[in-house]
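Trainee: Sequence and predicted model, in that order:
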Amino acid sequence: MDENDLLIHITDPNYSKLELEYSPITTISDNPYMKSGDIACIALLKKNKLNYIKDKDIVAFKSTDKHFLLHLYKVEELSLVEYQFHPLSSFLDKKPFILKKDEIEVSDLEGKVLYSVNIFNNLYSVELRGKE
């Protein structure tokens, strides 16, 4: 490691065993959370998805658009039985939608954004380590 490396520790044991995916962000200026060029770290949720998401989280759903793998949404817990998912921007004209909590497991929810890196110049690597 040298002085330009970025070291990020994931210390939460709930996430240390999950597969992580890094995805570059494409968005427009109305996105209050990320900008184009940011890199999002997404914990891939294969099972027990409800154990990982909560109100105000940013999550990733599988895309049906040809040039994108995922789309990001902010979670709003509407009630004990359903969530509403809001797109982060008006890019691609995505709309909010509602899912019942018992539908989450079989939905196209792919993961949860753990963090994003928005300054990536002069960085040679991102290294993640589980709890040691």
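Mentor: Noted; the coordinates are in hand.
Trainee: buried ones in stretch 49-62?
Mentor: Residues of stretch 49-62 classed as buried: Lys49, Tyr52, Ile53, Asp57, Ile58, Val59, Ala60, Phe61 (neighbour count, 16 or more other Cβ atoms under 10 Å). For the C-beta atoms, the positions are set from N, CA and C on the backbone; glycine is no exception.
Trainee: no, scratch that, I was asking about stretch 87-102
Mentor: Quick answer for stretch 87-102 (16+ other Cβ under 10 Å): Pro87, Leu88, Ser89, Phe91, Lys94, Leu99, Lys101.
Trainee: Now do the same contact list for the first one.
Mentor: Pro87 is in contact with His71, Leu72, Tyr73, Lys94, Lys95, Pro96, counting by Cβ atoms under 8 Å, 6 or more residues apart in numbering.
Trainee: ok, back up a step: biggest separation within the buried residues of stretch 87-102, which pair?
Mentor: The distance between the two most remote of the buried residues of stretch 87-102 (Cβ to Cβ) is 27.2 Å, for Phe91 and Lys101.
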